[in-house]
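Participant: What would the 3D arrangement of this be:
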Amino acid sequence: MVSYDSTTGKWVIIRTGTFDGKFLKKRMTITCDFYKWADHEPVEGPRACSLQVGRLMVPNSLSGKAKGQAFLDIWEMSPDRLVVTEGEGPDMVSQQFVVLKNEVLPD
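Facilitator: Now for the predicted structure:
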C-alpha cells in the first residue's frame, strides 16, 4: 500500500507480477466496495475496508503457503475489481475494491 486519502476514500497501491504472460509494475487507484469478516454481514462503502499503508503484501495460495503462514490472496477479479482475502475460517476477511485507475509503470 502506498497511500490512503481518508477524505476521498481512495487507496493507491503498487502491484507487481505477471499479467497476461508479461511482468508488469502497476499503480492502481482503488476505493472500497465492501468488507466482509467470515460469516458476519458485509459492511459496504468507500470507508469500510482496512488496509495498512506501507505493508508489503505477498500473496500465497493455500497449496503453496508455508506452515504457520497466513493465507493471503490478491485477485484482479475483472478490469474494474480487486479482491484481497486473508486469513482462514472464522478469521477470514475479504475486501473488495473498485479499480478507478490502473496504470502500467516503467521498469
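Participant: Give me the spatial nearest neighbour of Q69, chain neighbours excluded.
Facilitator: Using C-beta to C-beta, 6 or more residues apart in numbering and skipping residues adjacent in sequence, the residue nearest Q69 is N60, 6.3 Å away. Just so you know, the C-beta spots here come from the backbone N, C-alpha and C atoms, and that holds for glycine as well.
Participant: I'd guessed that neighbour sits against F71; true?
Facilitator: Yes: assessed by C-beta atoms under 8 Å, N60 is found in contact with F71 at 6.8 Å.
Participant: So what sits opposite the residue nearest to Q69 in the bridge?
Facilitator: When assigned by DSSP bridges, N60 has beta-bridge partners L72.
Participant: The protein: strands as residue ranges?
Facilitator: 3-5, 10-19, 22-37, 43-44, 72-78, 81-86, 93-105 (DSSP state E).
Participant: Tell me which residues are up against the second one.
Facilitator: Right, the one you point to is strand 10-19. With contact meaning C-beta atoms under 8 Å, 6 or more residues apart in numbering, strand 10-19 is reached by 1-4, 23-32, 46, 49, 51, 74, 76, 97, 100, 105.
Participant: at 6 Å instead, please
Facilitator: For strand 10-19, contacts defined as C-beta atoms under 6 Å, 6 or more residues apart in numbering pick out 1-4, 25-31.
Participant: Look up how far N102 lies from V43.
Facilitator: 25 Å (C-beta to C-beta, to the nearest Å).
Participant: Name the residues of stretch 92-106 that are buried.
Facilitator: 94-97, 99 (16 or more other C-beta atoms under 10 Å).
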